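In: Requesting a structural model of the entry that follows:
(one chain, ligands or ions: 2)
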Amino acid sequence: MKKIFDTEIKSNVEVAENIFRLEILSQELSKIARAGQFVQVKVSDEFTLRRPLGIASTKNGVIKIFYRTVGRGTKSLANKKAGEHLDILGALGNGFNLEIDGRILLVGGGMGLAPLLSVAEKIPAVDVLIGGKNADEVNFWIEEFKPEVGKIFITTDDGSRGSKGFATALLPEVLEYENFSAIFTCGPEIMMRGVAKIAKENNLSCYVSFEGRMACGLGACLSCSIDTKNGRKKVCKDGPVFDAQEVFDFE
Ligand SMILES: Cc1cc2nc3c(=O)[nH]c(=O)nc-3n(C[C@H](O)[C@H](O)[C@H](O)COP(=O)(O)OP(=O)(O)OC[C@H]3O[C@@H](n4cnc5c(N)ncnc54)[C@H](O)[C@@H]3O)c2cc1C
Ligand code: FES
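Out: Ligands and ions are numbered 1, 2, ... in the order given. The predicted structure follows:
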């Protein structure tokens, strides 16, 4: 089910340089949202187009969203204060399949960790590999994931926390630690492609969450279309979660 919600902002705080955690109050949206879905936020009356942001948590009627301020829309959102109202369209997209048996490994890079947090919150048998630029960009994720997962593996590009290097460099080692049944990944496309390749080499199912360039978010405008092995697909409606085999080719 999707509709427009008039929500109240509980808090909107900077948790790392240019990264904000937004908490909004909505019992109804928190009940209907599935792990891996996203919302379209009307950041201000100045902009006609809404901005797509992943749902990171839905606990106790509070929706948590993490966003990086990259352009005019997200910078405008960063000025919003607790008590102000926010117009949200959701919950959108397909989300992750949580019916898979066995242990799931989440592999996230940067803001791609947001939809993976919502998975960790909903299933018990889960570990996470967190990748980021530096300690500042992973510290808050570690605190968010701590209560929700078994083990946390960390990599940073500059080695300021965890192993130095990309998440894909540590992944083969992580896969030796446990018999995982699937990998869920979200982050830069190059990282997801690398993760999907390693998953394939290890005969593991892999599901990737894509960020298409969006306008309507409802499957009507085609601006988020991507080519897949099963034809053109809309990231906002058919995704954002796809089976990696459908979107990546390693032949
Ligand atoms: C399904 C989905 C989930 C996302 N989840 C998150 C999240 O949890 N946290 C987060 O920080 N970012 C997330 N993004 C990216 C986020 O939507 C963009 O960073 C944001 O729209 C940029 O808006 P802006 O006005 O600040 O930037 P501008 O560059 O000024 O935006 C201009 C236009 O481009 C569109 N746009 C720009 N970048 C993107 C992008 N990467 N994806 C889609 N549209 C874009 C905007 O919607 C806007 O219409 C997600 C994107 C998608 C598609
Ligand atoms: S954003 Fe319009 S069809 Fe996907």
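In: Kindly check the end-to-end length of stretch 212-231 for me.
Out: End-to-end distance for stretch 212-231: 16 Å, by C-alpha to C-alpha, to the nearest Å.
In: residues of that stretch that come out buried?
Out: Burial within stretch 212-231, assessed by neighbour count using 16 or more other C-beta atoms under 10 Å, is assigned to 212, 214-217, 224-226, 228. Backbone N, C-alpha and C define where each C-beta goes, glycine included.
In: contact partners of it?
Out: Residues outside stretch 212-231 that contact it (C-beta atoms under 8 Å, 6 or more residues apart in numbering): 2, 38, 40, 49-50, 52, 89, 92, 210, 232-237, 239-240, 242, 245-247, 249.
In: Give me the longest helix you can find in this protein.
Out: With secondary structure taken from DSSP state H, the chain has its longest helix at helix 189-201.
In: Could you find the closest non-adjacent residue to residue 151?
Out: Take residue 151 and drop its neighbours on the chain: the residue closest to it by C-beta to C-beta, 6 or more residues apart in numbering is residue 127, 4.4 Å away.
In: right, and the secondary structure at that neighbour would be what?
Out: Taken by DSSP: H, G, I helix; E, B strand; the rest coil, the conformation at residue 127 corresponds to strand.
In: neighbours around it, how many?
Out: Residue 127 has 20 neighbouring residues, counting by other C-beta atoms under 10 Å.
In: That one contacts residue 102, correct?
Out: No - using C-beta atoms under 8 Å, residue 127 is not in contact with residue 102; the gap is 11.8 Å.
In: can you give me the helices in the stretch 51-200 of the chain?
Out: Per DSSP state H, counting those that start in this stretch, the stretch 51-200 of the chain carries helices over the ranges 72-78, 113-122, 135-145, 167-177, 189-201.
In: Okay then, goodbye and thanks.
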